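> A structural model of the following input is requested.
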Amino acid sequence: MEIRPFLIRLVEPADAAEIARLNALFNGVEAPAEDYASRLLEPRRVDHPILAENNGLAIGLANLRLAPCVFYAEPYAELTELFVDAAYRRQGVGGGLISFAEELARQSGAAEMIILTDFYNEAALGLYRSLGYLHHDLALSKDLRG
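Coordinates of the predicted model:
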């Protein structure tokens, strides 16, 4: 199935139901659309969610985190989410989402963009490498809930 051209744009509060659907597919997070709509209206948020559409159907999402940094002149830019519905993969949607995020980061003054992904996600690693991303740092995490 050829899907070009697809549209990539910033998410709006009206997209909350589609964001909820895609995030449930991607992260297994089941949350009402109202939660997403409310978070999108938060004036202090540093996340810039991005949506890919094909003929009005949401088929992918990404999230660019842009935050000012005390220790550097330019903002910190990180792609924190990237998901494309399985039926639309390997058709340029993921690369399009990343390119959109890169341009948004560049326009915001960021000097680089960081992407975190699982060590074993070979498909994602292949995509990132094909777009010029290299190993940078090791990220460590700790569960603070308990």
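
> what ranges do the helices span in this protein?
With helices called from DSSP state H, the chain shows them at 16-27, 33-40, 93-107, 122-130.

> how about JSON lines for the ones you listed, with mean neighbour count and mean pLDDT added?
Where C-beta positions appear, they are placed from N, C-alpha and C, glycine not excepted. Converted to JSON lines, those look like this (neighbours: other Cβ atoms under 10 Å; pLDDT from 0 to 100):
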{"stretch": "helix 16-27", "mean neighbour count": "17", "mean pLDDT": "94"}
{"stretch": "helix 33-40", "mean neighbour count": "16", "mean pLDDT": "94"}
{"stretch": "helix 93-107", "mean neighbour count": "19", "mean pLDDT": "96"}
{"stretch": "helix 122-130", "mean neighbour count": "13", "mean pLDDT": "90"}
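
> Gly56: which of these is closest?
helix 16-27 (9.8 Å; Cβ to Cβ).

> check which helices and strands the closest one sits against.
Contact partners of helix 16-27 among helices and strands, from 3 or more Cβ pairs under 8 Å, 6 or more residues apart in numbering; DSSP states H and E: helix 33-40, strand 47-54, strand 57-67, strand 76-84.

> that one to strand 47-54, inter-axis angle?
If you take axes from the mean of the first three to the mean of the last three Cα atoms, to 10 degrees, helix 16-27 sits at 90 degrees to strand 47-54.

> closest to the centroid, which residue in the protein?
Central residue of the chain (Cα atoms, centre = their mean): Ala62, 1.9 Å from the mean position.

> skip the chain neighbours and tell me the closest residue to that one.
Leu97 (4.0 Å; Cβ to Cβ, 6 or more residues apart in numbering).

> measure the one you found to Tyr76 for me?
19 Å (Cβ to Cβ, to the nearest Å).

> thinking again about what came up before, I figured the residue nearest to Ala62 was touching Tyr88, is that so?
No - in this structure, Leu97 is not within contact of Tyr88 by Cβ atoms under 8 Å, at 11.1 Å.

> between those two, what contacts are shared?
Counting by Cβ atoms under 8 Å, 6 or more residues apart in numbering, the contacts common to Leu97 and Tyr88 are 52, 60.

> with that, I have no additional questions.
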